[in-house]
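# Make a model of this:
(4 chains)
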2 protein chains.
Amino acid sequence: MNLKALSAKLGLSQTTVSRALNGYPEVSSETRARVAAAAELHGYRPSAAARRLATGQSGTIGMIFPAERNMAGDLIFTEFLGGCVEHAGDLGYDITLAMARGEMSEEAVYRRTVRNARVDAMIVSSPILADPRLPLLASLGMPFIVHGRTQADEPYAFLDIDNEGAFRAAANLLFDLGHRRTALLNGECRYNYASDRRRGFLSAARQRNIAIPPGFLCEAPMQEGTAFGQATQLLAGDEPPTAFLCSSIAQAQGAAKACMAAGLHIGRDVALIAHDDRLQEFRAENFDPPLTTTQSSIGDAGRRIVELMIAMLRNPQAPLPAEIWPVDLVVRNSTPPARAI
Amino acid sequence: MNLKALSAKLGLSQTTVSRALNGYPEVSSETRARVAAAAELHGYRPSAAARRLATGQSGTIGMIFPAERNMAGDLIFTEFLGGCVEHAGDLGYDITLAMARGEMSEEAVYRRTVRNARVDAMIVSSPILADPRLPLLASLGMPFIVHGRTQADEPYAFLDIDNEGAFRAAANLLFDLGHRRTALLNGECRYNYASDRRRGFLSAARQRNIAIPPGFLCEAPMQEGTAFGQATQLLAGDEPPTAFLCSSIAQAQGAAKACMAAGLHIGRDVALIAHDDRLQEFRAENFDPPLTTTQSSIGDAGRRIVELMIAMLRNPQAPLPAEIWPVDLVVRNSTPPARAI
DNA sequence: TGCAAAATCCAAAGCGCTTTGAATAATTCA
DNA sequence: TGAATTATTCAAAGCGCTTTGGATTTTGCA
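Have a look, this model is predicted:
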């Protein structure tokens, strides 16, 4: 059942039927209802291919698999992707993926994706400090939105969380509790979010004239094993930390195990705060003890970013969206006051 | 630059140019070369939308996010997806994703995806024992291929690994080494692969008249924590296992930690074999000690399955592909002979 | 009541490709 | 050499939708 057949059956022109279905104003509400009913009755589905050809829009948004793969990154990407896919489906858009690999550089993949012209826009995730993908996409004329922020010469669309504020708040909480020796187990600082978090942490320390001992600023892929190693080493030092601030729940697990191995109890001897992306299986609530966290659902971010992107597509001359989400600091049981030494 | 402009520039008809570019035989090799050169020169890219409309093929393969999410599943799905996306890109196909969620059942998502008709075929992953998605897709007339196997009335296209044979071989190795009390830490048996693995394990035991003590057949989501609990409990029993056979490296990590906690050394006191999907970050080689595994790259499976799917699309009347990959048993250092008791 | 404006609806022209059916040019063979 | 093949090329008809520019009917208001 195509438009032609449907309009014949209704005794209307294709124009009118098309307009009725797409909500254009120049059709009476009576006709619109008739058309809608007939379309429903006959199970009419407009051909996506024909619409694409006629409108020049593909109804598809592209995403690129991160070039660097690791477990933590994969989990976060998958969660974000899931959010995007979920909401895109609701809004009638498709998400298609591409991937950099081997000989084909990430830039080449972006270029190919743009050249193939099968997507209307792209979502850029995990930007690094000055991400080359932004000028690349801009020069190619491909609309895009960034999940996160980066340094760029031109304004760009983005959705980010307030990483700096979150980690400043978390650090302040620890300092308020009397923890002078607080270690930051961060992600890799070439990623903007990690850099922002470090800045937040350091600004809180500076404000109170708290010196961060050398070695207390750790960065690495956000995994349990690495964090375990870092925490173990710090705890073995002369002046071990009394608090840890982690960039992920996985790192918190590593830190917690290191503490346990050192005979220290989280929530009693040591304080622990982690950032919680609300991944499926890393629940801060189920941690022992339940973990104080800065939390912000990365799945929600995916859902929202798709919405923003589609709004941009529908109204290209609107100002670029630039959303920064505040981050909740949820205090649970992992943050005791510092003990007198 | 579209076909019309390109053919005008060449002084040829659109027909000829189209055929030249698509490798049809009824065009002289001289003309073909001229056309190819001009296309290259002017950077001509055929419009995907127009081609889709004309051919009725979208050049897109659909995948659905698993309805049940957990960390182990996400990692495996992502790795598989990565393989699919990578190779699909090479072959000029797109992968688009959809997702079941909340009120919208998985079946509804499949139906919607088929109705929208934006994909030529679908890839079904992680089938359960008698997976309802197969008859559903068949009844909807959507071509599909399954990663794994299931019980079905009709023949269907699939690519699977020999889970049963792999676990039989692994069990035989352990039995050969004298391990009489071997526990299986399996995935959930409603998934076909887990069921196959159990069958392989049990058939090896039966063949040697080795009784599997009650409680030695464990199934659960394939995660470290769960496996740790299961192994700990088994090790605390009257007749603790001397060997573990795990469905994933994550489970092996859990089992290893349980052994360590019980004062047992993997590779000395206890034998451990795991199935290794060759995920990015779970390297059996880096395990301590390096792990004996049954291994088969799930990324390779993704690459291959896309290839098979596209071949099906190109030649619909060819027999359905049905590939079963043998699985390597790689012996490393985690499988000592059973110690005399 | 008459006329401009607004409300509805329509025919037809694309969007850029593939493919059918025919025409033309080059070869082959008797 | 002339007829039958074979090799090349082309014009034109879709594919199913959106959208432009009009045509027709209705409404609003003096």
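# Pull up the residues of the stretch 51-200 of chain A that are close to DNA strand D.
A:R51, A:L53, A:A54, A:T55 (CB under 7 Å from any atom of the strand). C-beta: built from backbone N, CA, C; applies to glycine.
# which of those are close to DNA strand C?
Checking those against DNA strand C by CB under 7 Å from any atom of the strand, the ones in range are A:L53, A:A54.
# Among the residues of the stretch 51-200 of chain A next to DNA strand D, name the ones in helices.
Judged by DSSP state H, these include A:R51, A:L53, A:A54, A:T55 as members of helices.
# need the strands for the stretch 201-341 of chain A, in chain order.
A:217-219, A:243-246, A:271-276, A:292-295, A:322-325, A:328-330 (DSSP state E, counting those that start in this stretch).
# Please convert those to TSV, extending it with distance to B:A271.
What follows is the strands of the stretch 201-341 of chain A, written out as TSV (distance: least, CB to CB, whole Å):
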stretch	distance to B:A271
strand A:217-219	36
strand A:243-246	35
strand A:271-276	36
strand A:292-295	39
strand A:322-325	50
strand A:328-330	44
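# Tabulate those strands (TSV), appending mean neighbour count.
What follows is the strands of the stretch 201-341 of chain A, written out as TSV (neighbours: other CB atoms under 10 Å in any protein chain shown):
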stretch	mean neighbour count
strand A:217-219	19
strand A:243-246	30
strand A:271-276	27
strand A:292-295	26
strand A:322-325	15
strand A:328-330	15
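# tell me which residues of the lowest-mean-pLDDT helix or strand in chain A are tucked away?
In chain A, the helix or strand scored least confidently by mean pLDDT, DSSP states H and E is helix A:106-116, which has a mean of 90. Buried positions in helix A:106-116, judged by neighbour count with 16 or more other CB atoms under 10 Å in any protein chain shown: A:E106, A:V109, A:Y110, A:R111, A:T113, A:V114, A:N116.
# which ones are touching the residue lying closest to the last one once chain neighbours are set aside?
Closest residue to A:N116 apart from its sequence neighbours, by CB to CB, 6 or more residues apart in numbering or on different chains: B:A48 at 6.4 Å. Contact analysis of B:A48 by CB atoms under 8 Å, 6 or more residues apart in numbering or on different chains lists A:S58, A:N116, A:A117, A:R118, B:G59.
# mind running it again at 10 Å?
By CB atoms under 10 Å, 6 or more residues apart in numbering or on different chains, the contact set of B:A48 is A:49, A:52-53, A:58, A:60, A:116-119, B:58-60, B:92, B:94.
# picking that back up, mind picking the one among the buried residues of helix A:106-116 that's closest to A:P289?
Each of those was scored against A:P289 by CB to CB, and A:E106 proved nearest at 41.2 Å.
# got a list of what the closest one touches?
Residues in contact with A:E106 (CB under 10 Å, 6+ apart) are A:I64, A:F65, A:P66, A:A67, A:E68, A:A98, A:M99, A:A100, A:P132, A:R133, A:L136.
# Closest to DNA strand C out of those residues?
Using CB to the nearest atom of the strand, A:A98 comes nearest to DNA strand C of the contacts of A:E106, at 20.7 Å.
# Next, the angle helix A:106-116 makes with the helix or strand harbouring that closest one.
Using DSSP states H and E, A:A98 falls within strand A:94-99. Orientation of strand A:94-99 against helix A:106-116 (axes from the mean of the first three to the mean of the last three CA atoms, to 10 degrees) gives an angle of 140 degrees.
# Strand A:94-99 and chain B in contact?
Yes: shown here: strand A:94-99 in contact with chain B (CB under 10 Å from any CB of the partner chain) through A:D94, A:I95, A:T96, A:L97, A:A98, A:M99.
# any chance of the contacts of B:A48 in TSV, plus distance to B:E86?
Below are these laid out as TSV (distance: CB to CB, whole Å):
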residue	distance to B:E86
A:A49	25
A:R52	25
A:L53	28
A:S58	21
A:T60	19
A:N116	15
A:A117	21
A:R118	17
A:V119	17
B:S58	19
B:G59	16
B:T60	16
B:G92	13
B:D94	12
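# which of those residues lies closest to DNA strand D?
Proximity of the contacts of B:A48 to DNA strand D (CB to the nearest atom of the strand) peaks at A:L53, which lies at 4.2 Å.
# Could you measure from the closest one over to B:A49?
With distances taken as CB to CB, to the nearest Å, A:L53 is found 4 Å from B:A49.
# again, but for A:A130
Taking CB to CB, one finds A:A130 at 35 Å from B:A49.
# Compare the two and say which one has the larger neighbour count.
Comparing A:A130 with B:A49 by other CB atoms under 10 Å in any protein chain shown, the one with more neighbours is B:A49, at 22 against 13.
# Send me the host helix or strand of that one as PDB with only the CA atoms.
According to DSSP H and E, B:A49 maps onto helix B:48-55. C-alpha atoms of helix B:48-55 as PDB (Å, rounded to 0.1, in the frame of the first residue of the first chain):
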ATOM      1  CA  ALA B  48      22.300   6.100  -1.300                       C
ATOM      2  CA  ALA B  49      18.700   7.400  -1.100                       C
ATOM      3  CA  ALA B  50      18.100   7.200  -4.800                       C
ATOM      4  CA  ARG B  51      19.700   3.800  -5.100                       C
ATOM      5  CA  ARG B  52      17.500   2.500  -2.200                       C
ATOM      6  CA  LEU B  53      14.400   3.800  -3.900                       C
ATOM      7  CA  ALA B  54      15.300   2.300  -7.200                       C
ATOM      8  CA  THR B  55      16.500  -1.100  -6.000                       C
END
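# got the angle for it vs helix A:48-55?
130 degrees.
# Flag every buried residue along helix B:48-55.
For helix B:48-55, a neighbour-count test (16+ other CB under 10 Å) marks B:A48, B:A49, B:R51, B:R52, B:L53 as buried.
# One more: stretch A:282-296?
Applying 16+ other CB under 10 Å to stretch A:282-296 flags A:F282, A:A284, A:F287, A:P289, A:P290, A:L291, A:T292, A:T293, A:T294, A:Q295, A:S296 as buried.
# surely the first one meets A:A252?
Read it as A:F282. Yes: the pair A:F282 / A:A252 is scored as a contact, 8.8 Å apart, by CB atoms under 10 Å.
# Now do the shared contacts for these two.
Here A:F282 and A:A252 have A:A274, A:D276, A:L291 as joint contacts, going by CB under 10 Å, 6+ apart.
# Chain B: which of those residues is nearest?
Nearest to chain B among the shared contacts of A:F282 and A:A252: A:D276, at 14.4 Å, using CB to the nearest CB.
# Could you tell me the per-residue confidence at the closest one?
With respect to pLDDT, A:D276 scores 96.
# ditto for the one 5 residues further on
In the predicted model, A:E281 carries a pLDDT score of 76.
# Who are the contact partners of it?
Neighbour list for A:E281: A:L75, A:E79, A:I249, B:R69, B:N70, B:M71, B:A72, B:G73, B:D74, B:P221, B:Q223, B:G225 [criterion: CB under 10 Å, 6+ apart].
# What ranges in the stretch 201-341 of chain A fall below the confidence cut-off?
Residues of the stretch 201-341 of chain A meeting the criterion pLDDT under 70: A:340-341.
# Would you tell me which residues of it are close to chain B?
Residues of the stretch 201-341 of chain A lying near chain B (CB under 10 Å from any CB): A:P221, A:Q223, A:E224, A:G225, A:A250, A:Q253, A:K257, A:L279, A:Q280, A:E281, A:F282, A:N286.
# looking at it, A:V114 is touching A:L136, isn't it?
Yes: the pair A:V114 and A:L136 qualifies as a contact (CB under 10 Å) at a distance of 8.8 Å.
# tell me, what's touching these two both at once?
A:M142, A:F144.
# what kind of secondary structure is the closest residue to A:F216 other than its chain neighbours in?
Using CB to CB, 6+ apart and skipping the chain neighbours, the partner closest in space to A:F216 is A:A183 (4.3 Å). Following DSSP: H, G, I helix; E, B strand; the rest coil, the label given to A:A183 is strand.
# and the gap between A:A183 and A:Q207?
Distance, A:A183 to A:Q207, by CB to CB: 18 Å.
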